[in-house]
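> sequence first, predicted model second:
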Amino acid sequence: MASTISRSGGLYINASSSGSRFKRFSSLLRALVVRDVTSRYRRSSLGMWWAFIQPLVLMLLFTMLRGFVDIPSDGVPYLLFSYVGLVPWTFFTNAVSACGPSIIQNAEIIKKISMPKEVFPLAAVVATLFDLAMSAIVLAILMIYYKVSIGVSILWIPFLALLMVGTAFAIGILLAGLGTFRKDFIFATPFLTQAWLFITPVIYPLSSVPEEWRSIYMLNPMVGVIEGFRAVLIKGQSPELQPLIFSALMMIVILSISWPLFRKLSDYFADVL
């Protein structure tokens, strides 16, 4: 069968029906990620420096706030403590925000190519990993400056990263589906993530949360992720299992709701775009 080639924003996609479905999906995903990464900082004076600036500015603001409010940091220098929390948190908020309009932004592709629509929010999440890598460079410099040693617990990083990406995708795909029909969900995302910050142990440690509230607090799937990164990168220890189990279970629950809902809504995307 003849191939169909469509073009959208300089992106060329080969949708040949002769190839396997997985190859078509992976090719489109790769093309979308490359497009998103290369176009993100186009016509920006600072370019990729924005990936460094966002967590750095928040770290400095939190450090200034600590001068007025006694915020514990489990005996860790607060600059390092806050930045380790900000790296996964910044990825999470940016990825979720990028997922919201991902269907609308790729309307022309969706209208011309029959593909699983999950590829678009997934590409938004994967592209945000580039910013994560940039901010991780600053984190490495801080760890060297504070002479933090890395042990065998570093082997937990792939699992924590997978949990972080999975949580962002689970929530992002829900916003992508709902936001296609009602842009209010997209507009509300920055406010929701800002509020979410204060119920996540980014500024403060989990140990400062009262024991009687901790089980409810850990229903926030980002709690185990951030506490896990701190345990591995700062303390050289394996993460506590309870927060990780809570986070993994909540990610699965959210994904089991958001993905089927997205699939159902995706049948009508072409009608509203």
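Great, that's in hand.
> identify each buried residue in the helix or strand hosting residue 263, please.
Using DSSP states H and E, the element containing residue 263 is helix 241-266. Neighbour-count burial for helix 241-266, counted by 16 or more other C-beta atoms under 10 Å, picks out 243-244, 246-248, 250-251, 254-255, 258-259, 262, 265-266. From N, CA and C alone the C-beta is placed, and that goes for glycine too.
> one more: stretch 207-220?
Neighbour counts over stretch 207-220 (16+ other C-beta under 10 Å) mark 209, 217, 218, 220 as buried.
> from these, pick the one nearest residue 184.
Proximity of those to residue 184 (C-beta to C-beta) peaks at residue 220, which lies at 23.1 Å.
> got the phi and psi for residue 83?
Here is the backbone geometry of residue 83 (degrees, to the nearest 10): phi -70, psi -40.
> isn't it right up against residue 55?
Yes: between residue 83 and residue 55 there is a contact under C-beta atoms under 8 Å: 6.4 Å.
> ok, back up a step: now the element after the helix holding residue 263, going C-ward?
Next along from helix 241-266, by DSSP H and E: helix 269-272.
> now that next one - C-alpha only, CSV.
Extracted C-alpha coordinates of helix 269-272, given in CSV (Å, rounded to 0.1, in the frame of the first residue of the first chain):
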residue,chain,number,x,y,z
PHE,A,269,-10.7,14.3,19.1
ALA,A,270,-11.0,14.7,15.3
ASP,A,271,-14.5,16.1,15.7
VAL,A,272,-13.6,18.9,18.1
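> now it: mean pLDDT?
What helix 269-272 shows for mean pLDDT is 84.
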